[in-house]
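Trainee: predicted model and sequence below, questions to follow.
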Amino acid sequence: MNITLENQVAIVTGGSSGLGRAICLAFGQAGAKVVVNYRRDDKAAAAVVAQIERAGGAALAVQADVGEEADVERLFAETIERFGAVDILVANSGMQQDAGFAEMTLEQWDSVLKVNLTGQFLCARAAVKAFRVQGDRGVSRARGKILCMSSVHQRIPWAGHVNYAASKGGVALLMASLAQEVAAEGIRVNAIAPGAIRTPINENVTQGDGEKKLLELIPWGRIGDPEDVARAAMFLVSDMADYVVGTTLYIDGGMSLYPGFEDNG
């Protein structure tokens, strides 16, 4: 059975690289019109758009900082102006600024929470407003779909990364609380929690000695690829997942199973 997103419009924040890029390409292949949001790298975003268009799809790159309210409002306005509607939001943008707890600055704390948590709030709020205004467009069983990008670190503590872990813990309850609030309106909200995924931003820990050490934490025995996450995202926003509401799907090869305790610790 093939998944189709035909006639639907999807915004993917942080869509110019990594997981966002893979999700944009998968959605384009499934027939969605894709809005590739980016913060700085316009060339990378343009390359994603070009790849989707070469395959016969439709796409648009829009610069916006998801932590800024005015930018998010403009992102949705430009999407609706170009494609007429919004049916899917993948709130994927995220960042890390790592430090030991006592050495972490307030700026490091605030900047990560602003993008990873406030950014998801602003984007999801704009999506809910758009879904309500446009009503049932007849392109999906749901009036609208929101997919929040979380992390295994919404469950697994991560020393040296308290700002990141706190932001993802917040995403977990943001997602579930929103899902509870808007489900009766036909709006589905879910989340993905990736584990170790092989992307350019983490090459130092997914290759060589870093990879060997990381694999000790992954029962399945391999590091994930962006396409693993993209396929799950495509399922969750499709009608095949119409009865999936308020759920976090872990894409982690078993990392969240605490493999250090597999022999009773």
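Mentor: Everything's here; your move.

Trainee: how about the nearest residue to residue 189, chain neighbours excluded?
Mentor: residue 179 (3.8 Å; C-beta to C-beta, 6 or more residues apart in numbering). The way it works is simple: take the backbone N, C-alpha and C, and place the C-beta from them, glycine included.

Trainee: do you know how far that neighbour is from residue 246?
Mentor: 3 Å (C-beta to C-beta, to the nearest Å).

Trainee: so between the two, which is more surrounded?
Mentor: Legend: neighbour count by other C-beta atoms under 10 Å for residue 179 and residue 246, higher for residue 179 (20 against 15).

Trainee: where do the strands sit along this protein?
Mentor: Listed in chain order, the strands of the chain (DSSP state E) span 9-12, 33-38, 59-63, 88-91, 144-149, 187-194, 248-251.

Trainee: and the fourth one, how far out from the chain middle?
Mentor: Remark: strand 88-91 is offset 7 Å from the chain centroid, using C-alpha atoms, centre = their mean, to the nearest Å.

Trainee: contact partners of that strand?
Mentor: 5, 8-13, 15, 20, 23, 27, 32, 66, 119-120, 123-124, 127, 144-149, 233, 237 (C-beta atoms under 8 Å, 6 or more residues apart in numbering).

Trainee: what do you get for the fifth one?
Mentor: Contacts of strand 144-149 from elsewhere in the structure, counted by C-beta under 8 Å, 6+ apart, are 19, 86-94, 120, 124, 127-128, 130-131, 171, 174-175, 178, 186-192, 194, 233, 236-237.

Trainee: repeat for the second one
Mentor: Residues outside strand 33-38 that contact it (C-beta under 8 Å, 6+ apart) are 8-16, 20, 24, 27-28, 44-45, 48-49, 52, 57-64, 66, 75, 78-79, 82-83, 93.

Trainee: one more time with 6 Å, if that's ok
Mentor: For strand 33-38, the external contacting residues (C-beta atoms under 6 Å, 6 or more residues apart in numbering) are 9-11, 13, 15-16, 24, 27-28, 45, 48-49, 52, 58-64, 75, 79, 83.

Trainee: the inter-axis angle of that strand versus strand 59-63?
Mentor: 30 degrees (axes from the mean of the first three to the mean of the last three C-alpha atoms, to 10 degrees).

Trainee: off-centre distance for strand 33-38?
Mentor: With C-alpha atoms, centre = their mean, you get 13 Å for strand 33-38.

Trainee: dump it to CSV, restricted to CA.
Mentor: Output in CSV follows, covering the C-alpha atoms of strand 33-38 (Å, rounded to 0.1, in the frame of the first residue of the first chain):
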residue,chain,number,x,y,z
LYS,A,33,3.5,20.7,-2.1
VAL,A,34,6.4,21.3,0.3
VAL,A,35,7.5,24.5,2.0
VAL,A,36,11.1,24.2,2.9
ASN,A,37,11.8,26.5,5.8
TYR,A,38,15.3,27.6,6.6
